[in-house]
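# All I have is the shape, not the residue letters:
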């Protein structure tokens with residue numbers, strides 16, 4: 001199986017941030033790790049294509065954010081395809097190197113890297129702590145479930161991977177309410193690019209509306225539940 005050629009700092013952080021983590025990374029991947037990082041998400045895309053995702057963020061005391069992510073694949077000399085991800089806009093924009101000949105969907109890494117940087121901004125500490133907690137949660141503590149989602153007006157079978165990377169941290173006070181943060185990866189081979197939705201959720205201590213919720217969802221051809229920006233959810237080169 002081909003491995004995604006990840007941006008080097010992110011690859012090192014996710015797979016081998018310490019000698020102990022390097023040894024762990026050499027162990028067979030868990031089912032959750034395989035689904036998230038190794039599956040051939042992009043096998044159902046032509047060499048030239050674009051995928052459009054809606055980004056939504058709501059947080060207590062803050063204005064809601066509605067933005068977009070666009071993944072563009074194109075062939076280049078000597079490569080089957082190169083994938084570029086235009087992740088959000090303005091001050092939220094995240095720029096990482098393009099990915100050559102990926103199998104899994106690079107959107108996942110953008111989503112996680114943006115989350116890690118946001119957690120670091122909020123809480124301080126080392127970014128690699130957050131990256132490693134996510135990786136270890138996928139390796140050891142993930143919950144997998146079969147779900148049905150709606151895409152293009154059709155019921156689609158999907159697998160949901162759910163993790164709570166910080167729940168076991170003994171110093172919850174330093175996490176300032178983020179210790180119960182839940183990550184969900186909703187994946188399906190029946191949707192273009194293999195990723196239906198990525199989300200994080202921080203529950204309020206007393207229930208009700210979450211303190212923080214961030215969701216990236218694949219748009220439909222009609223633009224999903226919000227006005228479409230640019231072309232449809234997938235466009236092919238002629």
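Arrived safely, thanks for sending. What you see is a predicted model, and the numbers here were worked out from it, not measured in a lab.

# Point out where the chain drops to low pLDDT.
Residue ranges of the chain with pLDDT under 70: 1-26, 221-238.

# Can you say which helix or strand has the most centrally placed residue in it in it?
Nearest to the geometric centre of the chain sits residue 108, at 2.9 Å (C-alpha atoms, centre = their mean). Using DSSP states H and E, residue 108 maps to helix 107-123.

# So for stretch 198-207, what gets flagged as buried?
Across stretch 198-207, burial judged by 16 or more other C-beta atoms under 10 Å covers 198, 199, 200, 201, 202, 203. From N, CA and C alone the C-beta is placed, and that goes for glycine too.

# returning to that earlier point: would you check that my belief about the residue nearest to the centre of the chain contacting residue 196 is correct?
No. Between residue 108 and residue 196 there is no contact under C-beta atoms under 8 Å: 11.8 Å.

# how far does stretch 38-54 stretch from start to finish?
End-to-end distance of stretch 38-54 (C-alpha to C-alpha, to the nearest Å): 24 Å.

# What residues of that stretch count as buried?
For stretch 38-54, using 16+ other C-beta under 10 Å, the buried residues are 39, 41, 42, 45, 49, 50, 51, 52, 53, 54.

# Over to stretch 71-85?
Judged by neighbour count using 16+ other C-beta under 10 Å, the buried positions of stretch 71-85 are 71, 72, 73, 81, 82, 83, 84, 85.

# Tell me where this protein has strands.
Applying DSSP state E to the chain gives strands spanning 49-59, 65-76, 79-87, 99-100, 143-151, 154-163, 182-187, 195-202, 212-218, 234-236.

# and the ones you listed as a markdown table, adding distance to residue 125?
Output for the strands of the chain, formatted as a markdown table (distance: least, C-beta to C-beta, whole Å):
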| stretch | distance to residue 125 |
| --- | --- |
| strand 49-59 | 20 |
| strand 65-76 | 24 |
| strand 79-87 | 23 |
| strand 99-100 | 28 |
| strand 143-151 | 26 |
| strand 154-163 | 19 |
| strand 182-187 | 18 |
| strand 195-202 | 17 |
| strand 212-218 | 18 |
| strand 234-236 | 39 |
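
# And the buried residues of stretch 198-207, which is closest to residue 116?
Nearest to residue 116 among the buried residues of stretch 198-207: residue 200, at 11.2 Å, using C-beta to C-beta.

# from what I can see that closest one touches residue 178, true?
No. Counting by C-beta under 8 Å, residue 200 does not reach residue 178; the two are 9.7 Å apart.

# Could you pull out the residues contacting both of those two?
Taking C-beta atoms under 8 Å, 6 or more residues apart in numbering as the contact rule, residue 200 and residue 178 both touch residue 212.

# Please name the residues that touch residue 186.
With C-beta under 8 Å, 6+ apart, residue 186 has these contacts: 147, 149, 158, 159, 160, 195, 196, 197, 198, 199.

# what sits opposite it in the beta ladder?
Going by DSSP bridges, residue 186 is paired in beta bridges with residue 160, residue 197.

# measure it to residue 208 for me?
Per C-beta to C-beta, to the nearest Å, residue 186 is found 24 Å from residue 208.

# what's the answer for residue 71, then?
From residue 71 over to residue 208 (counting by C-beta to C-beta), the distance is 34 Å.
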